[in-house]
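Participant: any chance you can model this:
(2 chains)
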Amino acid sequence: MSAPLYQSPKGVHDVLPDDHLYFSFIKKVVRHHCRRAGYRRISTPIFEDIEVFTRSIGGTSDIVEKEMFTLESKSGKKYALKPEGTAGVVRAYLEHGMQQMPKPVELYYIEPHFRYNRPQKGRYRQFHQFGCEVIGESDPAVDAQVIYLAYRINQDLGIADRLSLQLNTIGSMEDRVKFKEDLINFYTGKERSLCEDCKRRMLENPLRLLDCKEEDCQILASMAPKFENVICNESKEHFEILKEYLEELNVPYELNPLLVRGLDYYTHTVFEFWSKKEGSQNATGGGGRYDGLIEIMGGQPTPAVGFAAGIERTIEYMKEAGIRPPNKDAVAIFVAQLGLVAKKKSLTLINKLRDQGLNVVGAVGKDSMKSQMGLADRLGAQYSLILGQIEVQEGTIILRDMKKGSQETVSYEGIVDKMVELLGKNPLANKKLWEE
RNA sequence: GCGAACUUAGCUCAGUUGGUUAGAGCGUCCGGUUGUGGUCCGGAAGGUCGAGGGUUCGAGACCCUUAGUUCGCCCCA
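Facilitator: Numbers count the residues shown, from 1 in each chain, chains lettered A, B, ... in the order given. Predicted coordinates:
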């Protein structure tokens, strides 16, 4: 079957068991750190009224212009699959009156997202992000703590030193409007010296003009108006204090005056985690402050900060770093059996072992000892328990250490306790899972 | 959305200037006599060479179309 009848659509992929080891691990680390910092988990729908996104992200952003998966109901209502997390969280915040909650409101999410763009490695049409939002506090200490949380998660995932934190401030919304005007004024009349891309950038995203790699454009960029001259004092001060906090927290960062983010709602602080390696799709995540967004979405003016990171890209970097997540699926015990009576008896034994919190697999549909042991080996079982007709009669069972290759015949009576002793007690054993 | 490369068994890849029944390694399954794995030996299954069309006596190899993947641009997760 070299050409399967069906395959997954372009740019979307199955998450296979081996990759779920990474997914589960990342989820665990994220939950652990968010919980400790007082965040609570939120999930928003996979699709929303399209305006939730167009209004928040900004009509001229790439995401809204060409990367949204749109849906239309039979009655003509327009929806879009969520391309990022913040818009939906803010919508939920306002819809459920979370303004009433003690401030700041701290929320985190681990969710699939969708963008209709041309797939490449690390850039898919369905991808997963974890992220967090802190709503209702403007103090730069919160920015610092959000950045620290992201950094700390990267540390526990083993990729912190492979990433560099790029940091910048983009001022208030007014500052940026003013700066864009200044830039356009400066470049007007100089279009002839610009490359084709920059001519387009001038109309679509003037801030990107400063970032062009063409030599002529760089010369012009070096003479262009400086953002420092436009930025308001409040934003400058906010940024200065943030940098001090980051130093106090020992979070290394690089100032990057050219860092701008693709979503319109950001204000003041912006940051991204970039790979230290050369490459294009190299940001694992990023975020920033969005003090204007809640008002844009119909709420009271409310300051907020957040960040989000891509799980697929994070996994890429973990693999590069040689990080192997723990395998909670590993089989501890394989139960082999011979004869009908033994098979029947083994079914109960398997369940008793499982109830002790052990991962146990039994042979089903395999009759020869040889193929059963072969299976135990390939499953990577630490121990095999062998129950045959003789053992059933004698009230014994064979316990085989697969790694050592040695085995002994022990009493069937105490085998469950013995296995628990050998493999370590599981705190969840014999306990209702909903009890703390 | 633009430019380019790639696409042969489950996986990683061979396949000489177009020529007989398309190969290897790994993996899978089954054996190497009585109830035992990982090594070794033997055997088997598995491919209409991404799909569709064309050129040719003849195409995995050449041409066109299409799909997917990857790289660059754009942008970001």
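
Participant: enumerate every residue touching A:R400.
Facilitator: Going by C-beta atoms under 8 Å, 6 or more residues apart in numbering, A:R400 touches A:Y383, A:S384, A:L385, A:I386, A:S406, A:Q407. Any C-beta I mention is one placed from the backbone N, CA and C, and that applies to glycine too.

Participant: err, A:V260, not the other one
Facilitator: A:N168, A:I170, A:L207, A:R208, A:V270.

Participant: may I have the phi/psi pair for it?
Facilitator: Main-chain dihedrals, A:V260, degrees, to the nearest 10: phi -130, psi 150.

Participant: same question for A:D143.
Facilitator: Main-chain dihedrals, A:D143, degrees, to the nearest 10: phi -60, psi -50.

Participant: show the contacting residues for it.
Facilitator: A:H238, A:L242, A:Y245, A:H268, A:T269, A:R289, A:V305.

Participant: what helix or strand does the third one sit in?
Facilitator: Going back to what we said before, that points to A:Y245. Element membership for A:Y245 (DSSP states H and E) is helix A:233-248.

Participant: about what we covered before: just send the contacts of A:D143 back as JSON lines, with distance to RNA strand B, neighbour count and pLDDT too.
Facilitator: Shown next, in JSON lines, are the contacts of A:D143 (distance: C-beta to the nearest atom of the strand, whole Å; neighbours: other C-beta atoms under 10 Å; pLDDT from 0 to 100):
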{"residue": "A:H238", "distance to RNA strand B": "21", "neighbour count": "22", "pLDDT": "95"}
{"residue": "A:L242", "distance to RNA strand B": "19", "neighbour count": "24", "pLDDT": "97"}
{"residue": "A:Y245", "distance to RNA strand B": "22", "neighbour count": "18", "pLDDT": "97"}
{"residue": "A:H268", "distance to RNA strand B": "16", "neighbour count": "28", "pLDDT": "92"}
{"residue": "A:T269", "distance to RNA strand B": "14", "neighbour count": "25", "pLDDT": "94"}
{"residue": "A:R289", "distance to RNA strand B": "14", "neighbour count": "28", "pLDDT": "95"}
{"residue": "A:V305", "distance to RNA strand B": "14", "neighbour count": "29", "pLDDT": "96"}
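
Participant: go back to the contacts of A:V260 and keep what's next to RNA strand B.
Facilitator: Counting by C-beta under 7 Å from any atom of the strand, A:R208 from the contacts of A:V260 sit close to RNA strand B.

Participant: let me have the contacts of A:V260 in TSV, adding pLDDT, secondary structure and neighbour count as columns.
Facilitator: Converted to TSV, these look like this (pLDDT from 0 to 100; DSSP: H, G, I helix; E, B strand; the rest coil; neighbours: other C-beta atoms under 10 Å):
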residue	pLDDT	secondary structure	neighbour count
A:N168	92	strand	22
A:I170	89	coil	24
A:L207	76	helix	16
A:R208	75	helix	15
A:V270	93	strand	21
